[in-house]
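**Student:** build me a model:
(2 chains)
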Amino acid sequence: MSLERSDVEKIAHLARLAVSGDELDAVASDLSNILGLVEQMNSVDTQGVTPMAHPLHMSQRLRDDAVTETDQRDYFQSIAPATENGLYLVPKVIE
Amino acid sequence: MQDKSISDLAAGLRSGEYTSVELTQHYLDRIGRYDERLNSFVTVTGESALAAAKVADARLKSGDAPALTGIPIANKDIFCTDGVRTSCGSRMLDNFIAPYDAGVISRLKDSGSVMLGKTNMDEFAMGSSNETSFYGPVRNPWDTGLVPGGSSGGSAAAVAAGLCVAATGTDTGGSIRQPAALCGITGLKPTYGRVSRFGMIAFASSLDQGGPMTRSAEDAAHMLQAMAGFDQRDSTCVDQPVPDYLAGIDADLKGLKIGLPKEYFGEGLSAEVAASVEDAIDAYRDMGAEVVEISLPNTDLAVPVYYVVAPAECSSNLARFDGVRFGHRCENPRDLEDLYKRSRGEGFGAEVKRRILIGTYALSAGYYDAYYLKAQQIRHQISDDFAQAFQQVDVIMGPTAPTTAFAIGEKADDPVSMYLSDIYTIAVNLAGLPGMSIPVKPVDGKPVGLQIIGNYFQESKLLNVAHRLQMATDWHQARPEAFS
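**Tutor:** Below is the predicted model of the structure:
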């Protein structure tokens, strides 16, 4: 599988990751090499094999639906890039 | 002083031969003197270390002090530490002061250990050479032109150079065992779920596991004793009693069945590394162990499967770094999408971006079955290989890495060749098994690691097997001269 510049642009958009124009060729080539490695998987017959969901084949534990955390909003927001009145600030999304 | 074991140091602290403050200052002095050459620490917490040492000294006097009380250790910078920067080796978290302690950190604090600082690592634990760190590469204390391995390369180098007594690491595809091998120390990756992942910054959640990096198996037993145990804040942490890891560590190995997978001794393995590993296996034969050849037929598929599963999980885990709540944020974003894209584009380095992109691609519409589902099916087959092997043998042995440490820069531009340096360690993570690396006979002054793989929750057995070799040989006592 070989990826083109346009494929990388599409994937980078899905990942919300800025990849500059002059990096695109190198990234496309690196990703193609990695996919080449991964393609060895195609030689294996996996018909009827259950996908492994957990190394110990356990299911996830459930906990009681009860509040256990204390309110630490101010402490957690003290490391945020921008906040106001307890809210996180981002660029305007609605005109 | 820096050659003493945890047991010896614990005795010295209790007999009053030295205080924890003195011991801590000794290690801080060594870091100050030597770390410029190694770059193994990202943050040194000298002041809080001395304060913790003072508390430890009072605790030692009161007589109510667990084994690690007053012992200076270092923590990989992937573990959140309340009030201390936790960078994960990334520009993204260069300004991140963690607001809470990881489960492992709480346990190590409760055990009385003193944290000297946070160790350097590959960015978000993605790498096998410690060259992807935002803070620059770590150097191997045996030869500063060589890599220390990765991703826990800072911890490995710091332990090998005697800049701390012991350290924590994490292992997603070999990140404890491979640097332990390349730096000549002992490293243990526990069974998946044995050690809490709470507050350990996630890379690939179904593979990540924290563990100790030390100068001996006995020290590893002390560290694991403090680190292991149930934590309800980690939904995959296993609620099972923690055994006394020192209790059976001396047990005789007569009749131990060791399996050597023929796939671990084939093409790609350096002849010198193979010879060192064979020497160690001969030492086990001399101890009365029985050695048989086994087969793990899907070995070659471990790396391909890993480079689907790990990037897929990483692309999902790293979605949280969005420039909104913490971490790096770009200047003057035009709109929300620009904020996300540029914050992430600037905050992440090349290797992390590659893995996010591969994972995003593998999970995108139309490709899920061909990549992720297929990989999880083969993962099952790899796991079944081990299950069959453990019906015949008690432990599996082989090389930890195919070569000794390589030169800084040698593989930096070739991701695929870098990925293949984890060829013997990755399958253990895919299966969730415990694995260890211990030093054997060096090649041209460069360390070599023997990997020992056990069945689920057989950490005691691994420690016992490793400790017996360390009683019979002195390979683990070799220290890099430049740091003596």
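**Student:** and for the helix or strand containing residue B:22, what's in contact with it?
**Tutor:** Using DSSP states H and E, residue B:22 falls within helix B:20-38. Residues outside helix B:20-38 that contact it (CB atoms under 8 Å, 6 or more residues apart in numbering or on different chains) are B:1-2, B:9, B:13, B:41, B:44, B:46, B:49-50, B:52-54, B:56-57, B:60, B:69-72, B:114, B:116-117, B:138-139, B:141, B:144, B:157-158, B:161-165, B:482-483. Placement of C-beta: from N, CA and C, glycine included.
**Student:** mean confidence score for that helix?
**Tutor:** The average pLDDT within helix B:20-38 is 98.
**Student:** go on, stretch B:366-376?
**Tutor:** Stretch B:366-376 carries an average pLDDT of 95.
**Student:** near chain A at all, it?
**Tutor:** Yes. Stretch B:366-376 comes into contact with chain A (CB under 8 Å from any CB of the partner chain), by way of B:371, B:373-376.
**Student:** so how far is that stretch from its chain's centroid?
**Tutor:** With CA atoms, centre = their mean, to the nearest Å as the basis, stretch B:366-376 stands 29 Å off its chain's centre.
**Student:** do the same with stretch B:118-129
**Tutor:** Chain-centre distance of stretch B:118-129: 10 Å, with CA atoms, centre = their mean.
**Student:** coming back round to it: then the helix holding residue B:22 to CSV, C-alphas only?
**Tutor:** Provided in CSV are the C-alpha atoms of helix B:20-38 (Å, rounded to 0.1, in the frame of the first residue of the first chain):
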residue,chain,number,x,y,z
SER,B,20,18.4,9.3,54.0
VAL,B,21,19.3,13.0,53.8
GLU,B,22,23.0,12.0,53.3
LEU,B,23,22.1,9.3,50.9
THR,B,24,19.8,11.6,48.9
GLN,B,25,22.5,14.3,48.8
HIS,B,26,25.0,11.8,47.6
TYR,B,27,22.8,10.9,44.6
LEU,B,28,21.9,14.6,43.9
ASP,B,29,25.6,15.3,43.8
ARG,B,30,26.2,12.5,41.4
ILE,B,31,23.4,13.8,39.1
GLY,B,32,24.9,17.3,39.3
ARG,B,33,28.3,15.9,38.4
TYR,B,34,27.4,13.4,35.7
ASP,B,35,24.1,14.0,34.1
GLU,B,36,25.3,16.7,31.7
ARG,B,37,27.0,13.8,29.9
LEU,B,38,23.9,11.5,29.9
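**Student:** and it, which residues are buried?
**Tutor:** Neighbour-count burial for helix B:20-38, counted by 16 or more other CB atoms under 10 Å in any protein chain shown, picks out B:20-21, B:23-25, B:27-28, B:30-31, B:34-35, B:38.
**Student:** I'd like the next helix or strand past that helix.
**Tutor:** For helix B:20-38, the following helix or strand on the C-terminal side (DSSP H and E) is strand B:41-44.
**Student:** and residue B:477, what does it touch?
**Tutor:** Shown in contact with residue B:477 (CB under 8 Å, 6+ apart): residue B:3.
**Student:** tell me how far it lies from residue A:7.
**Tutor:** For residue B:477, the distance to residue A:7 equals 53 Å [CB to CB, to the nearest Å].
**Student:** keep only the contacts of helix B:20-38 that also lie close to chain A.
**Tutor:** Near chain A, judged by CB under 8 Å from any CB, there are no entries from the contacts of helix B:20-38.
**Student:** just the buried ones from those, in PyMOL syntax?
**Tutor:** Here is the PyMOL command that selects only those of the contacts of helix B:20-38 that count as buried (16+ other CB under 10 Å):
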select buried, chain B and resi 2+9+13+41+44+46+49+50+52+53+54+56+57+60+69+70+71+72+114+116+117+138+139+141+144+157+158+161+162+163+164+165+483
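**Student:** which pLDDT value goes with residue B:412?
**Tutor:** Confidence at residue B:412, expressed as pLDDT, is 86.
**Student:** that older thread, which one of the residues of stretch B:366-376 next to chain A is nearest to residue B:64?
**Tutor:** When the residues of stretch B:366-376 next to chain A are ranked by distance to residue B:64 (CB to CB), residue B:376 comes first, at 47.9 Å.
**Student:** count the neighbours of residue B:315 for me.
**Tutor:** Using other CB atoms under 10 Å in any protein chain shown, residue B:315 has 24 other residues around it.
**Student:** center of chain B, which residue is that?
**Tutor:** Residue closest to the mean C-alpha point of chain B, counted by CA atoms, centre = their mean, is residue B:176 at 2.2 Å.
**Student:** for the stretch 201-350 of chain B, what lies in contact range of chain A?
**Tutor:** Residues of the stretch 201-350 of chain B lying near chain A (CB under 8 Å from any CB): B:206, B:232, B:235-236, B:238-239, B:298, B:300-301, B:303-305, B:307-308, B:315, B:319, B:322-326, B:329, B:333-342, B:344-346, B:348.
**Student:** redo that, cut-off 7 Å
**Tutor:** Counting by CB under 7 Å from any CB of the partner chain, the stretch 201-350 of chain B comes close to chain A at B:206, B:232, B:235, B:301, B:303-305, B:307-308, B:315, B:323-326, B:329, B:333, B:335-336, B:339-342, B:344-345.
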